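Colleague: Got a sequence here, can you model it:
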Amino acid sequence: QVQLVESGGGLVQAGGSLRLSCVASERTFKRYTMGWFRQAPGKEREFVAAISQSGISTLYANSVKGRFTISRDNAKNTVYLQMNSLKPEDTAVYYCAARTWAPSSKTSEYDSWGQGTQVTVSS
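Modeller: Numbers count the residues shown, from 1 in each chain. The predicted structure is shown next:
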């Protein structure tokens, strides 16, 4: 398993932006598909976005499409989630995750997880 550390969360007003980062410990980072998930209080963890090993293929949840952008820098072992036009319903703990196959929206198909970073959007 790969160790993942998220950062970049915080408190922002509705309509604002945040960029989350997730740094991986593995030198073989480029072999992993990376995903972002989120979990709001009292709710199940849900898929947000995923990106393939090369960065060519991306996948987004309908709720964030057009507002969030996932990207990666394999030289820095880092995946990003740029979040624009944030809404109060985006408030959650955001997790990054890794798997060795193609991008997936299924939580159960990811092998490694970070500890999460809190994002709070005020109205």
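
Colleague: With adjacent residues omitted, what lies nearest to the residue nearest the centre of the chain?
Modeller: In the chain, the centroid-proximal residue (Cα atoms, centre = their mean) is residue 36; its distance is 2.3 Å. Spatial nearest neighbour of residue 36, chain neighbours left out: residue 48 (4.3 Å); criterion: Cβ to Cβ, 6 or more residues apart in numbering. For every residue, glycine as well, the C-beta is placed using N, CA and C.

Colleague: Surely that neighbour is in contact with residue 81?
Modeller: Yes: Residue 48 is within contact range of residue 81, at 7.0 Å (criterion: Cβ atoms under 8 Å).

Colleague: who touches both of these two?
Modeller: Residues touching both residue 48 and residue 81 (Cβ atoms under 8 Å, 6 or more residues apart in numbering): 36, 68, 94.

Colleague: still on that earlier bit, distance of the residue nearest to residue 36 from residue 13?
Modeller: According to Cβ to Cβ, to the nearest Å, residue 48 and residue 13 sit 20 Å apart.

Colleague: got it, and residue 102?
Modeller: 36 Å.

Colleague: For this protein, which segments count as helices?
Modeller: Using DSSP state H, no helices are found in the chain.

Colleague: Quick one: neighbours of the closest residue in space to residue 96 that isn't next to it in sequence, just the number.
Modeller: Ranked by Cβ to Cβ, 6+ apart and with sequence neighbours excluded, the top spatial neighbour of residue 96 is residue 22, at 3.4 Å. Neighbour count of residue 22, defined by other Cβ atoms under 10 Å: 25.
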